[in-house]
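J.: kindly return the folded structure for what I paste below:
(chains A and B)
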Amino acid sequence: VKESRDAEEKSVVDLNVLADLGLQVPFNSILAGSLIVLVAGLALHAILAVSSSKKLLTSHRRGWFAKLVYLAFALLVAGLSLTSFGSLLTQGVLEHWALLAHVGLAGAFVFVMVLFALVWNPVVLSVNRSPIVTANPESPPAPTASIWWLAKLSLWGVLICSIVTAASMLIAMLPILDTDGMHASTSLHRLSGLALLICLVVHLYSLALRKLGWR
Amino acid sequence: MNRLFLVLRCQNVLLLTITFVVGSFQNQWLGAADDLPRFARADTDGGYVHWIELLDENSTKVNPNDPNARPYSPKKTCGRCHDFEQISHGWHFDAVEQVDSEKGRSGQPWIWSDPRTGTYLPLSYRDWQGTYNPDKLGITRWAIAKQFGGFLPGGGPGSMESLKKTSSAETDATKSEAKSKDRTAITGELPIDCMLCHRSGGSYSAETWTEQIEAENFAYAPTVAAGLATIEGALSRVRDSLEEAEPEFLPKLKYDVDQFRPDGKVFFNITRKPENKSCYHCHTHLPAENIAFERWTHDDDVHLRAGMKCVDCHRHGLDHELVRGYDGQSYSRPELISTLSCQGCHLGVSSGVEATTHEIDVATIWMREGGRLGAPKPIHAGLPPLHFDKLSCTACHSGPAIASELGRQLTSQSHHLGGHERRSGKELPAVFGPAMLPEHWNSDLQALSEKPKSDEHDKSSNDASSHRSILGKYTPHRLMWPSFWGLFKDGSVVPLDPEESYLLTRKGLKVKKDLAEEIGEVKPSLTDRKKILGDERAKVKEEEWTEEERSKVTAWVDEQSQVQIDTRIVDALEAIAQAYPDSGTPVFVTGGQVFRQLVGETKKIEVIPSDQAKEAMQPTAWPIAHNVRSARHSLGVSGCLECHQSGSAFFTSTVQANGVLPGKPTVESPVHELQQADMVRLESWNEMFSSRSLFKYFAFGCLGLSTFITLSCLAWSIGERITRRGGKISG
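T.: Sure, this is the predicted structure:
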């Protein structure tokens, strides 16, 4: 099995878009490295944030619908990540039941993605005063500039990466791309999916910091 | 004195210099001579016209006018100018010794057919999956050469070095006194006949070669098949030894004098690259429907129709180490064959689908990029790359189209195609196909995952990208259920030597020619008819029977047929039991079932439960690669649902094993059972694919909406930011 994984890692080198850019790095290494850097970076930032003991600047409590959408979106991303990256890290390959689950969840993801873009868009968050977005509609709207830059940036990242991730796989469902194109598309799907996961984790972290009053 | 010394010294220096210079040249010349090949060659693409002298096995020139002229020896005749020793260990000659070639991917086994005993036994010295090693069964190399030599180019099991080696068999099967024949002393070795493959024109008859081998005229076969002489007599009619043989039985050659030039030379119409028809003598395979219906409606392999030859892909050098064409073949110089597989040639080995299993150390582009001989690069538009990890190229592009029920197939070697016979397409052995089976379909998954990789082929199969599943890629296979007599012990069946089976069972079976046709044959006698129809109607002609009478007789015949089959099989089993009293339970394996004598019943047979004889109930299968169909006729060309829907033939086609005992049960296998496929998962996939088209509209709608919202807001956000910054600056 180990040999199999090694071979899988090697095979990825020639097939992903990074290879075309001259970066000969196996995707599994990118995946593991990214997750390690992410966790380490957030942990370090959390330590610094806690030690600086900054007070809560603003409090924009979200409405029930926004929370529901966020929860569904986060769960779907978690499920998709577990089935894909989890399989890649443990089995070296995404296939069988994991692939089936991944494809099934992806169907729900594209639908929830629309709702997420509608509700959790930084612009919408700042201007929409409807109860589904904010729990305190009477409070004055917060300009986008007042949202913490990390939360805003990660949210934009989540939205853009979601679109790229979904598009890279949906276009592969059409008889357009040739084999090389399909490989590039798959590779792009993996990378953008990883970026989506990272952005979502960062955004969750930023929400948690605000909730705990450390930002 | 000093001057004399100086002159002498100068002379010495001069001599030394001359010696050195001459020595250097000599070394250079000698060295160059060492680098030259042993045999001279024409080295022209124009070909070399072979007007050659015929030499017999004693290297004596053949005199066509000599009434006692010996047959020509290809080894001596061709070996004068070609390295026969090197050639004789190529793939086609190396099945037994395997000096230069490894066993590689399973190929079609030799199927020992003996209709008298209902034996159809797959054999191979290469220990391919599902085959039996003749040495281990006590079958002599000579017997193998006689049985299969008609569809071999000679050598191999019939080479003298092979025949000299005694059988290594130490199994129970060899303890009996009855053993297969070894008539090497009479027939000599099975010679390699270069002309079987390298003939050009129409004077050589491969069918004659086969006939002469069957007549045991081994040494004479090349001469007669080449049309150089006619023959009378057959060594098969010589009983014990050549010395005691009656002269009229000894073969007599009569050379065609007109084919000899005045200088005694003969024209050999030879081609370096064998023509397709030479390959087809042994490698023809037909769907049975081609026999039963119109053969002209079926297409040929697209490569051949495009003007290619078999040997354009299946190449080799002088060593005759053949490129078999599958991805992952072990080869002495892998870089030379990397683009001679489907994938290598059409996709290259450095791009596209994960192609190579070998290190590439040849710097030339064409060796890596494929496209040889103008091979087009397939687009495979919209085909998820996962399929390239699960399916071999041949799964979609080769063989007859898959059907809900596997069809019967005929092959040259198994059904002696080429001979003038009347065929129905239902001849035994019953070979079925194509079945889409993984490469290691008959393997224990647990054992496979733990098995250390022993050879290149295994190593390649563990490449996760090209063989993601541990079972390997799906590949079209032909398969057959063996039929043989054997001894059942500890869950496995050891077949008996087929010739020995005949000697032991012939009295019990009472079969003259064909067990399948004769063993259940029952004709009611007058006495029987009286019992069935009554005294009055017993003498009435069959045509005058009423429907009720006909059904009564049929029922009686069926019942008696089963009784007769049971009785005769039991008699045969008892004969085996007498010959092998302590070697296990005598059994007859056919149709995927193992039959033994019913305990307690004297003349009844029963099927051994499947869990006790699982191994013996498995079919033998081997992958196929031809005929390659065009892209527009490939599997999946009309969409995903060709495979991804309930009841698709890829997974759910069935095959009913063909037994030789009429009325007895045979195994019926859905292909997914042989595939070890997870049907629950496949059905789940199928459910998803049923609404795939609708999902595409929905998903693209969602994607478009998300993209519109996000990009609009992003643009608004950027615009707001620019406006705010502009306001700050102006303020």
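J.: need the contact list for B:Thr230.
T.: With contacts defined as Cβ atoms under 8 Å, 6 or more residues apart in numbering or on different chains, B:Thr230 is in contact with B:224, B:253-254, B:256. C-betas here are computed from N, CA, C, even on glycine.
J.: for A:Gly41, which three-state class applies?
T.: On the three-state scheme (DSSP: H, G, I helix; E, B strand; the rest coil), A:Gly41 is labelled helix.
J.: any idea how far it lies from A:Leu48?
T.: For A:Gly41, the distance to A:Leu48 (Cβ to Cβ, to the nearest Å) stands at 11 Å.
J.: comparing the two, which residue is more hemmed in?
T.: In terms of neighbours (other Cβ atoms under 10 Å in any protein chain shown), A:Gly41 is the more surrounded of A:Gly41 and A:Leu48; the figures are 13 against 10.
J.: where's that one relative to chain B, distance?
T.: 25 Å (Cβ to the nearest Cβ, to the nearest Å).
J.: for the chain, give me the ranges with low pLDDT.
T.: In the absence of a named chain, this looks at chain A. Low-confidence segments of chain A, defined by pLDDT under 70, span residues A:1-25, A:50-61, A:124-147, A:213-215.
J.: wrong chain, I was asking about chain B
T.: B:1-34, B:98-101, B:166-179, B:242-248, B:293, B:350-368, B:443-469, B:601, B:726-731.
J.: by residue count, what's the longest helix in it?
T.: Among the elements of chain B assigned as helix by DSSP state H, the one spanning the most residues is helix B:692-730.
J.: show me how far that one is from its chain's centre.
T.: For helix B:692-730, the distance between its averaged C-alpha position and the chain's averaged C-alpha position is 61 Å (Cα atoms, centre = their mean, to the nearest Å).
J.: which helix runs longest in chain A?
T.: With DSSP H applied, the helix covering the greatest number of residues in chain A is identified as helix A:179-212.
J.: so is it next to chain B?
T.: Yes: contact between helix A:179-212 and chain B is present through A:179-180, A:182-183, A:186 (criterion: Cβ under 8 Å from any Cβ of the partner chain).
J.: including neighbour count and distance to B:Arg261, could these go into TSV?
T.: TSV is the format used below for the residues of helix A:179-212 next to chain B (neighbours: other Cβ atoms under 10 Å in any protein chain shown; distance: Cβ to Cβ, whole Å):
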residue	neighbour count	distance to B:Arg261
A:Thr179	22	58
A:Asp180	18	60
A:Met182	25	64
A:His183	24	63
A:Thr186	23	68
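J.: picking that back up, buried residues in the longest helix of chain B, which are they?
T.: Residues B:695, B:699-700, B:702-703, B:705-707, B:709-710, B:713-714, B:717, B:720 are the ones in helix B:692-730 that count as buried (16 or more other Cβ atoms under 10 Å in any protein chain shown).
J.: that one packs against which elements?
T.: With contacts defined as 3 or more Cβ pairs under 8 Å, 6 or more residues apart in numbering or on different chains; DSSP states H and E, helix B:692-730 has these neighbours: helix A:96-119, helix A:122-127, helix A:149-170.
J.: can I get those in TSV including mean neighbour count?
T.: TSV is the format used below for the helices and strands packed on helix B:692-730 (neighbours: other Cβ atoms under 10 Å in any protein chain shown):
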stretch	mean neighbour count
helix A:96-119	20
helix A:122-127	19
helix A:149-170	21
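J.: nearest to B:Pro153, out of these?
T.: Set against B:Pro153 and scored by Cβ to Cβ, those come closest in helix A:96-119, at 45.3 Å.
J.: relative to helix A:179-212, how tilted is that closest one?
T.: 60 degrees (axes from the mean of the first three to the mean of the last three Cα atoms, to 10 degrees).
J.: just checking helix A:96-119 against chain B, any contact.
T.: Yes: applying Cβ under 8 Å from any Cβ, one finds that helix A:96-119 is in contact with chain B at A:96-97, A:99-100, A:103-104, A:107, A:110-111, A:113-114, A:116-118.
J.: may I have stretch B:228-235 as PDB, with CA atoms only?
T.: Taking only C-alpha atoms (Å, rounded to 0.1, in the frame of the first residue of the first chain), the coordinates of stretch B:228-235 have been written out as PDB:
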ATOM      1  CA  LEU B 228       9.200 -28.600 -52.000                       C
ATOM      2  CA  ALA B 229       8.200 -32.300 -51.900                       C
ATOM      3  CA  THR B 230       5.200 -34.600 -51.400                       C
ATOM      4  CA  ILE B 231       5.200 -37.200 -48.800                       C
ATOM      5  CA  GLU B 232       3.800 -40.700 -48.400                       C
ATOM      6  CA  GLY B 233       3.600 -42.400 -45.000                       C
ATOM      7  CA  ALA B 234       3.300 -41.200 -41.400                       C
ATOM      8  CA  LEU B 235       5.400 -41.900 -38.400                       C
END
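J.: in it, what counts as buried?
T.: Across stretch B:228-235, burial judged by 16+ other Cβ under 10 Å covers B:228-229, B:231, B:233-235.
J.: and the residue nearest the centre of chain A, what does it touch?
T.: Central residue check for chain A by Cα atoms, centre = their mean: the C-alpha nearest the mean position is that of A:Leu196, 2.3 Å away. Neighbouring residues of A:Leu196 by Cβ under 8 Å, 6+ apart: A:77, A:157-158, A:161-162, A:165.
J.: repeat that for 7 Å
T.: With Cβ atoms under 7 Å, 6 or more residues apart in numbering or on different chains as the criterion, the residues that contact A:Leu196 are A:77, A:158, A:161-162, A:165.
J.: same question for B:Pro476.
T.: Contacts of B:Pro476 were listed using Cβ under 7 Å, 6+ apart, and they are B:394-395, B:398-399, B:433-434, B:436, B:623-624.
J.: one more: B:Lys273?
T.: B:309, B:311.
J.: give me the element the residue in the stretch 301-450 of chain B positioned nearest to chain A is part of.
T.: Nearest residue of the stretch 301-450 of chain B to chain A: B:Gly382, at 3.6 Å (Cβ to the nearest Cβ). Under the criterion DSSP states H and E, no helix or strand holds B:Gly382.
J.: quick check: the gap between the closest residue to it other than its chain neighbours and B:Gly704.
T.: When the adjacent residues along the chain are set aside, B:Gly382 lies closest to A:Pro175, with 3.6 Å between them (Cβ to Cβ, 6 or more residues apart in numbering or on different chains). Distance, A:Pro175 to B:Gly704, by Cβ to Cβ: 19 Å.
J.: the helices and strands packed on helix B:692-730: which one's closest to B:Pro109?
T.: In this view, those are compared for proximity to B:Pro109 by Cβ to Cβ, and helix A:96-119 is the closest at 32.4 Å.
J.: dihedrals phi and psi, B:His596?
T.: Quick fix: residue B:596 is Arg, not His. Reported as degrees, to the nearest 10, the phi and psi values for B:Arg596 are phi -140, psi 170.
J.: do I have it right that it meets B:Ile608?
T.: Yes: under the contact definition of Cβ atoms under 7 Å, B:Arg596 touches B:Ile608, with a separation of 5.8 Å.
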